[in-house]
Structure formats: structure tokens, C-alpha cells
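1. How does the following fold in three dimensions:
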Amino acid sequence: MLPLLLISTLPAFTLLLVAPASYKPWKLARELGLVALLLARELLSHSASAAAPGRKDPGGRRMPPPSKAKQAPMPPPPALAMDDALPLLDLPELALDRVLEELAPASLAAMACVCAGLRDRCSMDSLWARHVRGKWGRVLGPAARKEWEAELAARAAAAARPRPNRRRSWADSLACAWPFSWIGCRWVKAETPAPAARPAPTPPADTVAAWYRALECGEFWFPAQVYNREDGHVGFLLSCYDAHLRYDQRTDTFTARYPPHGRKPAKEEDGVQWSRVRAAPVGTPAQDLHASGCLDGLHPGDHFEIQWRKNKDFPYGWWYGVVGHLESCNPNEHLCRCHEDDTIMLEFNHYAAGSRWRQTTVSRKDHREKGDETDGFYGGIRKLQTKDEISTWRRFWPVDVLS
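-> Numbers count the residues shown, from 1 in each chain. So this is what the prediction gives:
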């Protein structure tokens, strides 16, 4: 063992002799200490192996300890008849596609881990697009897809940036030329914790499967709108505001992040139910006035949404109302001429009669944002076209009339 120790310490003395005078002493001492630690560990390993139990033959060679009596091997299970089994990939393409279409997302992702052939077939956009539409179609709009594509482009740009190279130290250089550098490798591997079980491979980032996974795992904040924001705060009843949402698998709910209101910071709300979320019906940003193209077709009794904001620093929200009759009009349906008048009466019947929020009027011919800092500002109008939209709003009707 002494010759091995002398030979092993030779590189350390070589490093001490060739180090330049300007080399920092503390750094040289640290690297020499690392070399000594590696040598001590290897020598201890050799000592432990020398003291291992066993016997020596007459020539001085160590013989392995006697092994226990071998047990009789278990008989192999009966093999299945090949004629009775039909490999999945041998199915006709239409039949295989039909089988994959019936799989749930988790089963489809597990099937993709079986082999390369199934991985390609189980990652097809047509399969995952059905799952995206089935679970997320009601809350995802074109804006969500655009933001996902923008995020993919940002990830690709970040991955393409060159990374700074780490400067090599004297110990790194020695490890490359040292005949016993494998000692250091064994030490590093021994101290490194064993890796966990390899997770299932993630789909390519530009596939619909990757988008579904990002949504399901809560890795992507997507734009949508939330009814009765801030858990039904009385100031937001029968309204719908823009937000960015993230899904929580554990609770099957969303976390909503609302944009700042004037000087107020952005707010987050947890536990948002699916029933309170919808995709934005129009592409108008929350800060812009919506171009109203339905004013000529509005009649008393029509349901609508109108933009409203407290002041011009706030984003718009959408508020539910019904077109009413003008005060000078005869409410009889055969005598009503409100649709011929330039003024449209808008009513918000969840407010009590006499409330300043109960009614407002807008111009049919020259509609623009109207209002003031006291009553807020009314913006664009959107007519509700389907019974589903109307029934959704009516589900949030308050129990008590607001004042």
C-alpha cells in the first residue's frame, strides 16, 4: 500500500511545483485538500476490500467465500399461444385510431410510453384536439391560443441563447491528465443521490398534447373572463371581467388573476368554479371601447351586455341588462315605436326602482363612451344571441334587489 500512496501523491507535488507564483495560496490549498481527500477515500476502499471475508488458495490468491446451495429454479409460467394474441399495432389503422379515440387523456399519455410507434400515434394533434375541446373548449378562446404560441416562441428564444462557459480550475486540469482520475469520478458518484424513477416523456412543446398537459398541470395562465369577480362581491354582481386563470387539479377549480384597477394592485382569487368562467365572446381588449354593431336591431325585451368602468384608469367589465321602453312609449307590443327612436333605454333590473344604477340611455346613431366620474362610463354594447348566454347570466341573479 505504501508504494501506491507514494505514486498517488506524485501529481499533488507536481501541482505544487508547477503552480505560478501569482496563484492564490488559499485556492491552491483547497484544491490540494480535495486531492488528498480523494486519495484517502480510495486507500480506505482498498483497505476494506483487503479485509473482506474469503479464503486464499495455496498460490496466495483470494478465493470467493463458499456460496449457498442453489435452489431449484421456478418453472416458467405457461406461454400464451401466439395464435390467440393480436398485437395492437397489427390492427387496421382505422380500428387502431378508433381505439385510441376512446382512451382518456391519462390512458392516452400512458399508451404513448409503450413504444416509438405508439408514441407517434398517441401524440397526434387530432386526438388531443378532441380532449382540449371536450374539457377546455368553453373557457378557451382565440386569445388563449395566441398567448400559448407566444410563450412557446419565448421559450425557444431563451433556449437558443448561448450559456457562459465555466472557467476550468487547476483541479479540473489535473483530473483530465491524472492516471487516477477515476477515483474522483467514483467519489462524486458515491456522494450524488440516486436518481428517481424516470418520468414519462413529455410531448413536444409545439403539439396540442403539450398544450393540454400545460393546462391540466397548471403551468399556463390563459386569458378568459370571470362572472361576479372577487367571489361575488356586491360591487361586481352580474358582471364579467377579464382575468388570467390557472387550473388546479387538486380542487378542480381555477386561480384568477385580475389586472390592476387604477392604482390598485392586481388581485388574485382562488377557488373559481367552472361555472363562473367563460371564453371572451369578443376580441376587444379590456381597455378599448367595443364597436357596437347591434344598435339598429335592439328592441325592448332584448338582452345585452354593456361595457362599464368606474373611471378611465380602470379596465372595462361586461354588465348584464335588458332593453326597456322609453317613458314616452306605449308598452303595448303593437303600439311600441321604441325601435324607431334614436334613444335606447337600457335597464338593470337587479337594482331597485329609483336607484341611479337602474336605467341609462344611449344613442342609436352616434353611440360613444358616455358618463362621468360619479356614475362611471358606459361603453360598447353586445346583444345576447342565444338562450344559453341569457340563462347563464340569469343563474347569477342576486337573491336580494340591490340599491
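2. What ranges does the stretch 201-350 of the chain have for its strands?
-> Ranges of strands within the stretch 201-350 of the chain are 222-227, 239-248, 253-258, 267-272, 277-278, 303-309, 317-324, 343-347, based on DSSP state E, counting those that start in this stretch.
3. so what strands line up beside the first one?
-> Think strand 222-227. strand 239-248 (antiparallel), strand 277-278 (antiparallel) (DSSP bridges).
4. circling back to that earlier point, reformat the strands of the stretch 201-350 of the chain as a markdown table; add distance to Gln287, mean neighbour count and mean pLDDT.
-> Yep, even glycine has a C-beta here, placed from its N, CA and C like the rest. Below are the strands of the stretch 201-350 of the chain laid out as a markdown table (distance: least, Cβ to Cβ, whole Å; neighbours: other Cβ atoms under 10 Å; pLDDT from 0 to 100):
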| stretch | distance to Gln287 | mean neighbour count | mean pLDDT |
| --- | --- | --- | --- |
| strand 222-227 | 13 | 23 | 97 |
| strand 239-248 | 9 | 21 | 96 |
| strand 253-258 | 13 | 20 | 96 |
| strand 267-272 | 17 | 15 | 94 |
| strand 277-278 | 19 | 20 | 97 |
| strand 303-309 | 9 | 21 | 96 |
| strand 317-324 | 12 | 22 | 96 |
| strand 343-347 | 22 | 18 | 96 |
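5. Columns distance to Val114 on top of those strands, output as a markdown table?
-> Formatted as a markdown table, these follow (distance: least, Cβ to Cβ, whole Å):
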| stretch | distance to Val114 |
| --- | --- |
| strand 222-227 | 31 |
| strand 239-248 | 27 |
| strand 253-258 | 33 |
| strand 267-272 | 37 |
| strand 277-278 | 35 |
| strand 303-309 | 49 |
| strand 317-324 | 47 |
| strand 343-347 | 59 |
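6. re earlier: would you turn the strands paired with strand 222-227 into JSON lines with distance to Lys267?
-> Compiled in JSON lines, these are given as follows (distance: least, Cβ to Cβ, whole Å):
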{"stretch": "strand 239-248", "distance to Lys267": "9"}
{"stretch": "strand 277-278", "distance to Lys267": "16"}
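7. Looking at these, which is nearest to Asp341?
-> Shortest distance between Asp341 and these, using Cβ to Cβ, is found for strand 239-248: 27.6 Å.
8. before we move on, the earlier item: between the strands of the stretch 201-350 of the chain, which one is nearest to Asp206?
-> strand 222-227 (17.0 Å).
9. Between strand 253-258 and the closest one, find me the angle.
-> With axes from the mean of the first three to the mean of the last three Cα atoms, to 10 degrees defining the directions, strand 222-227 sits at 90 degrees from strand 253-258.
10. got the CA positions of strand 222-227 in PDB?
-> What follows is strand 222-227, C-alpha atoms only, in PDB (Å, rounded to 0.1, in the frame of the first residue of the first chain):
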ATOM      1  CA  PHE A 222     -54.700  31.600 -20.100                       C
ATOM      2  CA  PRO A 223     -56.900  34.600 -20.700                       C
ATOM      3  CA  ALA A 224     -60.600  34.300 -20.000                       C
ATOM      4  CA  GLN A 225     -63.500  36.100 -18.200                       C
ATOM      5  CA  VAL A 226     -64.900  35.500 -14.700                       C
ATOM      6  CA  TYR A 227     -68.500  36.200 -13.700                       C
END
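11. Which helix or strand in this structure has the lowest average pLDDT?
-> Across the helices and strands of the chain, the lowest-confidence element by mean pLDDT, DSSP states H and E is helix 181-191, at a mean of 37.
12. Out of the strands paired with strand 222-227, which gets nearest to Arg382?
-> strand 239-248 (10.9 Å).
13. which residues are contacting the closest one?
-> 139, 215-216, 218, 220-229, 253-259, 270, 272, 277-278, 280, 286, 305, 308, 315, 317-320 (Cβ atoms under 8 Å, 6 or more residues apart in numbering).
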